[in-house]
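Colleague: here is a sequence together with a model predicted from it:
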Amino acid sequence: MVILSVISPTVRVGAITTILDQQCSTVGGFYLNGIGASEPAGQTFTPTQTSVVAFSINIYSTSPFPTPMTAKILAGGIGGAVQGSVNFNVPAVFGLPSGDWFKVQFTSGVPVIPGSIYALDLTDNLASSGIKWNGCKDSYPGGKAYSSGSYNTYNTVGASYSFKEYAFGLTVTPVATPDFSISSSLAAIPVTQGGSNTATITVTSINGLNSAVDLSASWVGSAPTGVTFTLPTPITPPSGSTATSPLIIVATGSASTGSFTLRVTGTSGLLSHDVIPDITIQVAAVTTSTTTPPTPATDWAVLSVSLSPSAPHVGDPVTFSMVVTALSSPGPFPQSFAAVCQIDGVSCGGGSHTYPGPLDTPFTVSAQTPWIATVGTHTLTWGVATIPVGQDPNKSNNMKSTTFTVAQASSQQTTTASSTASQAPDFQVNVSPPSQTVLQGETTSYAVDVAGLNGFNSQVSLSVSGLPPGANGVFSNPSGTPNFASTLTVILSGDVATGSYTLVVTGSGGGLSHVANLVLTVNAAVVTQTSASSTETVASSTQTSSDLTSMIQQNQLLILAAVVLLAAVIIAVALRGRRKPTSTTN
């Protein structure tokens, strides 16, 4: 016996039948590695019939024993109320090696509401990982796969498991009834005391409705004082189209402040709909604020972007560069800035760099890692920004792009040698390490490597710029034919200014020019006072002894005369002392 429910007059009823209602049956793409280890696990679906009588799932079992399982139909999806269930067993090693369809019949039809969301929820009663559920390659718009309580995202539209849902119900054809929907362009309308604001109320015709719709509005809960609204009515949407009316909110200078709820309703005959959710009217007090002018910042500009080689072939390593400058600045140089390189929207380098100054000085930045050319049309974009980002006074010149095409290699270019021969000769300049730290008065060095590309055999001359005053740079090999190596030695005077400097090594030759940036950091020299004083004392003592010896050698006669005179005085005093005293008699 089949019990039929009362049928709405808005539907047309056909024959009772068993049908394949919903499915996602193109097996592949991914699989659930063990239902019992991933519960809750299942597949949501949207039936079009009034009952579910059976389902099929594409699975395979790695268990050597039968696996008892339970299937439930849940209302609303994961964790919903149970509408019906059935217990079943999956035979041992079913579906090996890659899966097969396994059909399960409910003892009676599970009643469902067409168009609502349900879940086919599976439980492995052994809590094992032996039952594997294959995924579906196609997207199923009526539901999603889930495991461990979360929806899977195998692809951009959501993943589904391979399943089939069978219905036993009525073939129901909806009868279109004219209707309408109503909405607001703003869910919350802010307004300031003494001001006004407007939202747009839109009525949309459904199933050919073209009758007038009366609009009304009323406060829900407490009504604000000093706040009024205007809503022109009625409006008539053309069949299958829309009509609009402005909702104008006006607040007096002494209006109540706070949040208030306004309900907008549309009515056409027996049809009535509200804007959902109700509209929030936010009334704010008038405040006096002082606008703080933005902190002046450097105006960076990208002058040009380039690639080397300029016409790459498939497989070529390509170096991306840009030339940047500072057009204006409130502060001294050097300054740091942020650079961003993108090729077809994917990052190809950038980072923080130091601009040496002064204003309008071209400064080249190159991506450290070459891009390997692929066939097609590509867009190279370089951007520059202040640090912190976002304060540049003129952002219109912060970015520049160029488009280039890498052609597919011809069928005749079957070997590496022939492919290389068709590419333009070029070279590249590499410097290591990228930075050095040195004290005033010392020297440091960088290794410079010039490598030829595609048979380049012209002489390349090396130069360096960006050195601070009091510093000198010398190349061990100032020029040569690639491939060759050179050492850049930087010699600093004792009074060179401390700080970080960006040096630019330029290689020029064969009508081409390439650069490599490096950083030189100069720290103050350390003076040990005790050691210097001790040295000076020793030197002074040595000098004094030497001067005394020289004086003695140059004045021997004077010294001899002084000795003789001293001896005569001593003898005279001694003789006087030996004279007898004279007696006097009175």
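Modeller: Received it, and whenever you're ready, just let me know what you need.
Colleague: quick one: list the elements packing against the helix or strand hosting residue 318.
Modeller: When elements are assigned from DSSP states H and E, residue 318 belongs to strand 317-328. When contacts are defined as 3 or more CB pairs under 8 Å, 6 or more residues apart in numbering; DSSP states H and E, strand 317-328 packs onto strand 299-308, strand 335-343, strand 346-355, strand 363-366, strand 371-372, strand 376-386. In this view, the C-beta of every residue, glycine as well, is placed from N, C-alpha and C.
Colleague: tell me which of those strands lies nearest to residue 426.
Modeller: Between residue 426 and these, the tightest spacing by CB to CB is seen for strand 299-308, at 6.3 Å.
Colleague: after whatever helix or strand residue 70 lives in, next one along is what?
Modeller: Element membership for residue 70, per DSSP H and E: strand 67-75. Going down the chain from strand 67-75, the next helix or strand is strand 82-90, by DSSP H and E.
Colleague: note down every partner strand of that next one and its orientation.
Modeller: Here strand 82-90 is paired, per DSSP bridges, with strand 67-75 (antiparallel).
Colleague: quick one: contacts of the partner strand?
Modeller: The contact list for strand 67-75 (CB atoms under 8 Å, 6 or more residues apart in numbering) reads 35, 42, 52, 55, 61, 80-90, 92, 104, 110, 112, 116, 118-126, 128, 130-131.
Colleague: now do stretch 96-103
Modeller: By CB under 8 Å, 6+ apart, stretch 96-103 touches 27, 31, 54-62, 90, 94-95, 132, 134, 162, 164.
Colleague: just the CA atoms of that stretch, as PDB, please.
Modeller: Extracted in PDB, the C-alpha atoms of stretch 96-103 (Å, rounded to 0.1, in the frame of the first residue of the first chain):
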ATOM      1  CA  LEU A  96      39.300  -4.800  -5.700                       C
ATOM      2  CA  PRO A  97      41.500  -3.500  -7.100                       C
ATOM      3  CA  SER A  98      40.000  -0.100  -7.900                       C
ATOM      4  CA  GLY A  99      36.300  -0.100  -7.000                       C
ATOM      5  CA  ASP A 100      32.800  -1.200  -8.100                       C
ATOM      6  CA  TRP A 101      29.200   0.000  -7.600                       C
ATOM      7  CA  PHE A 102      27.500  -1.400  -4.500                       C
ATOM      8  CA  LYS A 103      23.700  -0.900  -4.200                       C
END
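Colleague: can you give me how far that stretch is from the chain middle?
Modeller: 43 Å (CA atoms, centre = their mean, to the nearest Å).
Colleague: ok, and for it, which residues are buried?
Modeller: 99, 102 (16 or more other CB atoms under 10 Å).
Colleague: now swap in stretch 496-508 and tell me
Modeller: Applying 16+ other CB under 10 Å to stretch 496-508 flags 496, 501, 502, 503, 504, 505, 506, 507, 508 as buried.
Colleague: equivalent analysis for stretch 397-409, please.
Modeller: Using 16+ other CB under 10 Å as the test for burial, stretch 397-409 gives 397, 398, 399, 400, 402, 406.
Colleague: low-scoring stretches of the stretch 451-586 of the chain, by residue?
Modeller: In the predicted model, the stretch 451-586 of the chain carries pLDDT under 70 at residues 527-586.
Colleague: please write out the alpha-carbon positions of stretch 352-360 in PDB.
Modeller: Output of stretch 352-360 as PDB, limited to C-alpha atoms (Å, rounded to 0.1, in the frame of the first residue of the first chain):
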ATOM      1  CA  SER A 352      63.800  45.600  -0.200                       C
ATOM      2  CA  HIS A 353      66.400  47.700  -1.900                       C
ATOM      3  CA  THR A 354      68.500  50.800  -1.000                       C
ATOM      4  CA  TYR A 355      68.300  53.800  -3.300                       C
ATOM      5  CA  PRO A 356      71.600  55.800  -3.100                       C
ATOM      6  CA  GLY A 357      70.200  59.200  -4.300                       C
ATOM      7  CA  PRO A 358      70.100  62.000  -5.300                       C
ATOM      8  CA  LEU A 359      66.700  62.700  -6.900                       C
ATOM      9  CA  ASP A 360      66.100  61.700 -10.500                       C
END
